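Chemist: next input, structure requested:
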Amino acid sequence: MKKHVLFIHSAGPQGPHAGSGDLVAYLQDRLGPRYPLIQPTMPDPENPRYEHWKTQIISELSKIEGEIILVGHSLGGSVLLKYLSEEPPCQLLVGVCIIAAPFWGERGWKSRDFALRKNLSRLHRLPHLILFHSRDDEVVPFSHLTYYAEAIPNARLCELDDLGHLFTEGCPDLVVQIMKLTRISQLENV
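Modeler: Numbers count the residues shown, from 1 in each chain. Down below sits the predicted model:
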């Protein structure tokens, strides 16, 4: 069964060498054609609204046939976590990788639009949730990873060094984890 990677971009400029663009190009190069990478242009990325991004995610998920690995960078990661905390995961969800996501709420950045709901039981039941964050992130403080770890104790943490916020040089650990998720899925389906 084909594995698809649905990548949700950060807020702000989207495209080559902007926002998540370099990270997406790196993933496409390293994962190759065995992992089709879908990277929708998110609505109004300069002025994002959760409901609009949620609608785009639902639309993209409805088009995918096969197993899915969700990847979200920065705001895209926050949006995926909020979406997954509110909606049942699709049946073919293999795993979720969240990269440099800001934590929204009392302890993090302030926004009701992107804050997680109080009941996170759906997130606790997700298969293979991995949170990536670089200690030298110049946009989202590393402490936000700690806030997510406390809110979602079943998440696996991948603490990184020297990759910044945009991961312009890529993220080998992310590629390794995506490939591991595929192998785990194959073993679970035997």
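Chemist: how about the nearest residue to the most centrally placed residue in the chain, chain neighbours excluded?
Modeler: Against the mean C-alpha coordinate of the chain, by Cα atoms, centre = their mean, the closest residue is residue 72 at 2.1 Å. Spatial nearest neighbour of residue 72, excluding adjacent residues (Cβ to Cβ, 6 or more residues apart in numbering): residue 80 at 3.8 Å. From N, CA and C alone the C-beta is placed, and that goes for glycine too.
Chemist: quick one: contacts of the helix or strand encompassing residue 68?
Modeler: Applying DSSP states H and E as the criterion places residue 68 in strand 67-73. Contacts of strand 67-73 with the rest of the structure, by Cβ atoms under 8 Å, 6 or more residues apart in numbering, involve 1-10, 20, 23, 27, 35, 61, 78-81, 84, 90, 92-101, 167, 174, 178, 181-182, 185.
Chemist: ok, 7 Å please
Modeler: For strand 67-73, contacts defined as Cβ atoms under 7 Å, 6 or more residues apart in numbering pick out 1, 3-10, 20, 23, 79-80, 90, 92-101, 178, 181, 185.
Chemist: for PyMOL, what selects the buried ones among these?
Modeler: Typed into PyMOL, the line below selects the buried ones among the contacts of strand 67-73, using 16 or more other Cβ atoms under 10 Å:
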select buried, resi 3+4+5+6+7+8+9+10+20+23+79+80+92+93+94+95+96+97+98+99+100+101+178+181+185
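Chemist: just the contacts of strand 67-73: which are in strands?
Modeler: 3-8, 93-99 (DSSP state E).
Chemist: just want the angle from the lowest-mean-pLDDT helix or strand in the chain to strand 3-8.
Modeler: Lowest on mean pLDDT, DSSP states H and E among the helices and strands of the chain sits helix 172-188, with a mean of 83. Here the directions of helix 172-188 and strand 3-8 differ by 140 degrees (axes from the mean of the first three to the mean of the last three Cα atoms, to 10 degrees).
Chemist: gap between helix 172-188 and the chain center?
Modeler: Helix 172-188 sits 15 Å away from the centroid of its parent chain (Cα atoms, centre = their mean, to the nearest Å).
Chemist: would you mind pulling the contact partners of it?
Modeler: Counting by Cβ under 7 Å, 6+ apart, 3, 5, 27, 30-31, 35, 67, 69, 94-95, 97, 99, 128, 130, 132, 158, 160 sit against helix 172-188.
Chemist: kindly recompute the last result at 8 Å.
Modeler: By Cβ under 8 Å, 6+ apart, the list of residues contacting helix 172-188 from outside reads 3, 5, 27, 30-31, 35, 67, 69, 71, 94-95, 97, 99, 128, 130, 132, 158, 160.
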